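Novice: Below are the sequence and a predicted model; questions follow.
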Amino acid sequence: MSKGIPDKNKDFSAWYNEIIKKADLAENSPVRGCMIIKPYGYSIWEKMQSILDKMFKDSGHYNAYFPLFIPKSYLSKEADHVEGFAKECAVVTHYRLKNDENKKGLIVDPKAKLEEELIVRPTSETVIWNSYKNWIQSYRDLPILVNQWANVVRWEMRTRLFLRTSEFLWQEGHTAHSNKDEAIKETLTILNIYSSFLEEYMGIPVLKGIKSESEKFAGAVDTYCVEALMQDGKALQAGTSHFLGQNFAKAFDVQFANSNGKMDYVWGTSWGVSTRLIGALIMSHSDNNGLILPPNLAPIQIVMIPIFNSDSEYDAIINLFEKIKIGLLKLNISCKIDARKFHKPGWKFAEYEMKGVPLRIAAGPRDLEKNTLEIARRDNLKKETISLDKAEQKIKKILELIQKDILKKAKNFRDNNSHNARDYDEFKNLVKNNSGFIYAHWDGTEKTEEKIKSETKATIRCIPYDNKGKPGKCIVTGKPSKQKVVFSKAY
RNA sequence: CGGGGCGUAGCGCAGUCCGGUUAGCGCACCUGGUUUGGGACCAGGGGGUCGCAGGUUCGAAUCCUGCCGCCCCGACCA
C-alpha cells in the first residue's frame, strides 16, 4: 500500500523527507537551506497561527510588526546575544545592482555601499528593545505585551525542511514589565500556552522545563522550554519562552519611573514557536502510509469519495455528499468532496492517506441502497459502515475520539521511551539505543555536561521544573545533584 | 572547511568502464476508448542545449582539462 515511501523504522530521515514531498507540504528552494512551503503545508501553518494567535490575544497580547533589517550596531549591544547570533547572520552591504560593462549580467554596484551594514533579523530583541526605550517612561506604560508574526534568517550550515532552515516563519513575543515576578509569570503563562497548544491541538505531549546554561537563549537569564519526543527517539525543542531579566533593558537603556518615582530597568521576556512545529507534527504521528494529522489541526478534516459505475450513481452520491457537507459545516467540520472522475477511488484513498486527512467517507451503489456510509480513520486505518441517520453527529464524535487517541498513542510512546539511568554505563547504553528521554542526576556543571555531550552526543534537554524529584549523585562525577535532569539526542 | 557521492525529459533512473545509426526506460503529462468498493487497462501522442566551457577524434552523454551546482557524512547550531 505504501508505495515508494521508505520504511520509517529503517531510514527515519529518508521517510521524513519523503512524507514532506509526497504529502505536498514543502520543497527545496533555489537558495540552499530555504524552503518553499506549498499550499497544503502552509494551510497547516495557518491553522497553527490562527489558534495560537487567539490564545495570545485572549491572554492580553497584541500583534505588531518590526522591520526585517536591523542596524548591525544594535546586535552588539547585548554581549551574550552577539555571541550567540553573530556567526549566522545574513548581512546587507549594498543597495543597488548594475549591468556589468564587460560581461553579461548584473553585479553589485560598488558605489552603492551602505554606510552602516544591515543584518537580516535572526530574532528581533534588539530592534524591539530599541523601540521600547521610547515607548516606556513610567510604570503606567507597563506591561507591554507584543507579539509579531514574521520570518527570520539564521544562516545554517546544514538544513532540513521545517526542522532547521535558513529562513523560517515564526511568532516572537516580546514583553516588558515593571517587576521581576510579573515577567517570570509571563514567561510561564506562555510556556503553558505552548504546552496546551502542543497537547490539545497537535496531539503532542511535552515536557516542560528549564534549559541548562549552555543551551539557553543568547541573552536570557532563564530559558523555559517544551520538549517533545519524536518517533525515532530523538528530542525536539518545540518552543521556548525566555525570562530576559533586565539584560536587554540595560543594553538599550530602557528605564521607567516606578510608583515611588525612582528609576529602574524594565524586565523582559521573549518567546517563540516556528514552522519547526510542522516537523514535530510529522515526526510525532505519521506512519509508513504518510502523514497523520490530528483533526484539530487538519486543513481538511473529512474527505468524501464517491464510488460509482454510472453517471446517475455518480450524481446521486455527489448529491448525498453535498447534503452531508452542509450538516458537517454546521458543526464546524471542514470537508472536501473529491468529485474528480479521472481518478479511481483506490487512488484517492492512497492520496488522502498520504496527506493525513483524519477521516474519509466513501459511498457507492451499495451504500445508496442501504442508506449507509463507509468511514475510515486515518490514524488506525480502521473502517466501519455507519447508517445515514444522524451521521454528522457520529462523525463529530469520531473526530474527537481520533484527536484523543492520537495524543494517547504519543503519550504511550513517550512513556515507553523514558528511562532512568542509575550510572554512566547504563546511560551510555540507553543513548546508544536511541532510548528517548533519559532521566539522570547531574552535578550542575557545564564541564560535566560537555563531557557527556562529547562522549555520547546526548545533551540536557531540560531541567524539569514542576515535578522536581529527589536529590542524588551525579552519574559522572558522583557529586551531589539537586534533581534528575532529562538527557536525549536532539534535533 | 574536510571526506564521499551525483549531475541525461517535470520526477526517478539506465547508458559512461570499452566513443559509432534517430539517446532509452519507469512514473507523470495530453488525446481516444473501456473501466471505477484499495494507487485500472489498451492504443496513440508531446516533451532533451546529456550541468557549463574548452580540448582529443572522421565521430563525444561516453575520453582529457578546467569550472559550476546539488546531496550525504563530519566540524557548527534552534
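Specialist: Ah, there it is.
Novice: looking at chain A, which helix or strand is least sure?
Specialist: Of all helical and strand segments in chain A, the minimum by mean pLDDT, DSSP states H and E falls on strand A:106-108, at a mean of 78.
Novice: Direction included, what does that strand pair against?
Specialist: strand A:97-99 (antiparallel) (DSSP bridges).
Novice: Give me the contacts around the strand it pairs with.
Specialist: Here strand A:97-99 makes contact (C-beta atoms under 8 Å, 6 or more residues apart in numbering) with A:105, A:106, A:107, A:108, A:109. In this view, the C-beta of every residue, glycine as well, is placed from N, C-alpha and C.
Novice: Would you reformat those as JSON lines and include neighbour count?
Specialist: Conversion of the contacts of strand A:97-99 to JSON lines gives the following (neighbours: other C-beta atoms under 10 Å):
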{"residue": "A:105", "neighbour count": "7"}
{"residue": "A:106", "neighbour count": "9"}
{"residue": "A:107", "neighbour count": "12"}
{"residue": "A:108", "neighbour count": "14"}
{"residue": "A:109", "neighbour count": "13"}
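Novice: Residue for residue, what is the longest helix chain A has?
Specialist: Criterion DSSP state H: the longest helix present in chain A is helix A:391-416.
Novice: State the next helix or strand along the chain beyond that one.
Specialist: Toward the C-terminal end, the helix or strand that comes next after helix A:391-416 (DSSP states H and E) is strand A:418-420.
Novice: related to what we said a few turns ago, can the longest helix of chain A be found next to RNA strand B?
Specialist: No. Residues of helix A:391-416 contacting RNA strand B under C-beta under 7 Å from any atom of the strand: none, with a closest distance of 13.5 Å.
Novice: Counting by contacts, list what that helix packs against.
Specialist: In terms of contacts (3 or more C-beta pairs under 8 Å, 6 or more residues apart in numbering; DSSP states H and E), helix A:391-416 is packed against helix A:276-285, helix A:311-330, strand A:359-363, strand A:372-377.
Novice: just the ones you listed: most buried one?
Specialist: Per-stretch averages of neighbours, counted by mean count of other C-beta atoms under 10 Å, single out helix A:276-285 among the helices and strands packed on helix A:391-416, with a mean of 25.
Novice: Distance from the following helix or strand past it to the middle of the chain?
Specialist: Next along the chain after helix A:276-285, taking DSSP H and E as the criterion, comes strand A:302-306. Computed by C-alpha atoms, centre = their mean, to the nearest Å, the chain-centroid distance of strand A:302-306 equals 29 Å.
Novice: Roughly how far does the residue positioned nearest the centre of chain A sit from RNA strand B?
Specialist: Nearest to the geometric centre of chain A sits residue A:277, at 1.8 Å (C-alpha atoms, centre = their mean). If you measure residue A:277 against RNA strand B using C-beta to the nearest atom of the strand, to the nearest Å, the figure is 10 Å.
Novice: Most proximal residue of the stretch 351-491 of chain A with respect to RNA strand B?
Specialist: For the stretch 351-491 of chain A and RNA strand B, the shortest gap (C-beta to the nearest atom of the strand) falls at residue A:364, measuring 2.5 Å.
Novice: Which residue is the nearest non-sequential neighbour of that residue?
Specialist: residue A:307 (3.2 Å; C-beta to C-beta, 6 or more residues apart in numbering).
Novice: That neighbour touches residue A:368, doesn't it?
Specialist: No. Taking contacts as C-beta atoms under 8 Å, residue A:307 lies outside contact range of residue A:368: 9.9 Å.
Novice: which of those two has more neighbours?
Specialist: Ranked by neighbour count (other C-beta atoms under 10 Å), residue A:307 and residue A:368 place residue A:307 first, with 19 against 16.
Novice: ok, the residue lying closest to residue A:400 once chain neighbours are set aside - contacts?
Specialist: Nearest non-adjacent residue to residue A:400, counting by C-beta to C-beta, 6+ apart: residue A:295, 7.5 Å away. Going by C-beta under 8 Å, 6+ apart, residue A:295 touches A:301, A:358, A:359, A:399, A:400, A:402, A:403.
Novice: And for residue A:227?
Specialist: Residue A:227 neighbours (C-beta under 8 Å, 6+ apart): A:206, A:207, A:209, A:235, A:236, A:237, A:238, A:437, A:461, A:462, A:486, A:488.
Novice: Please go through these and note which also touch RNA strand B.
Specialist: residue A:237.
Novice: Just the contacts of residue A:227: which are in strands?
Specialist: Of the contacts of residue A:227, the ones assigned to strands by DSSP state E are A:207, A:209, A:235, A:236, A:237, A:238, A:437, A:461, A:462, A:486, A:488.
Novice: okay, those in a markdown table with neighbour count, pLDDT and distance to residue A:383 next?
Specialist: Listed next are these as a markdown table, based on neighbours: other C-beta atoms under 10 Å; pLDDT from 0 to 100; distance: C-beta to C-beta, whole Å:
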| residue | neighbour count | pLDDT | distance to residue A:383 |
| --- | --- | --- | --- |
| A:207 | 21 | 95 | 35 |
| A:209 | 21 | 96 | 41 |
| A:235 | 23 | 94 | 35 |
| A:236 | 22 | 94 | 32 |
| A:237 | 20 | 95 | 38 |
| A:238 | 25 | 95 | 33 |
| A:437 | 22 | 95 | 35 |
| A:461 | 27 | 95 | 39 |
| A:462 | 25 | 95 | 41 |
| A:486 | 23 | 95 | 39 |
| A:488 | 28 | 93 | 37 |
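Novice: What ranges in the stretch 251-400 of chain A fall below the confidence cut-off?
Specialist: Across the stretch 251-400 of chain A, nothing is flagged by pLDDT under 70.
Novice: For the stretch 301-450 of chain A, what lies in contact range of RNA strand B?
Specialist: Within the stretch 301-450 of chain A, the positions adjacent to RNA strand B are A:307-309, A:341, A:344-347, A:349-351, A:353-354, A:362-368, A:374, A:376, A:381, A:383 by C-beta under 7 Å from any atom of the strand.
Novice: Mark which of these are buried, thanks.
Specialist: Buried by 16 or more other C-beta atoms under 10 Å: A:307-308, A:349-351, A:353-354, A:362-364, A:367-368, A:374, A:376, out of those.
Novice: Widest-spaced pair of those residues?
Specialist: Pairwise distances across those peak at 28.0 Å for A:354 and A:368 (criterion: C-beta to C-beta).
Novice: for the stretch 1-150 of chain A, which spans come out with low pLDDT?
Specialist: For the stretch 1-150 of chain A, the ranges with pLDDT under 70 are A:1-4, A:101-105.
Novice: show me where it has helices.
Specialist: Assigned helices in the stretch 1-150 of chain A, in chain order: A:12-22, A:39-58, A:72-75, A:79-85, A:125-135 (criterion: DSSP state H, counting those that start in this stretch).
Novice: Show me which of those helices has the highest average neighbour count.
Specialist: Mean neighbour count (mean count of other C-beta under 10 Å) peaks for helix A:125-135 among those, with a mean of 21.
Novice: contact partners of that one?
Specialist: Here helix A:125-135 makes contact (C-beta under 8 Å, 6+ apart) with A:66-67, A:70, A:74-75, A:77-78, A:81, A:121, A:141, A:144, A:146, A:174, A:176, A:219, A:244, A:248-249, A:251-254, A:266, A:268, A:270.
Novice: again, only using 6 Å
Specialist: A:66, A:70, A:74, A:75, A:174, A:176, A:248, A:252, A:254, A:270 (C-beta atoms under 6 Å, 6 or more residues apart in numbering).
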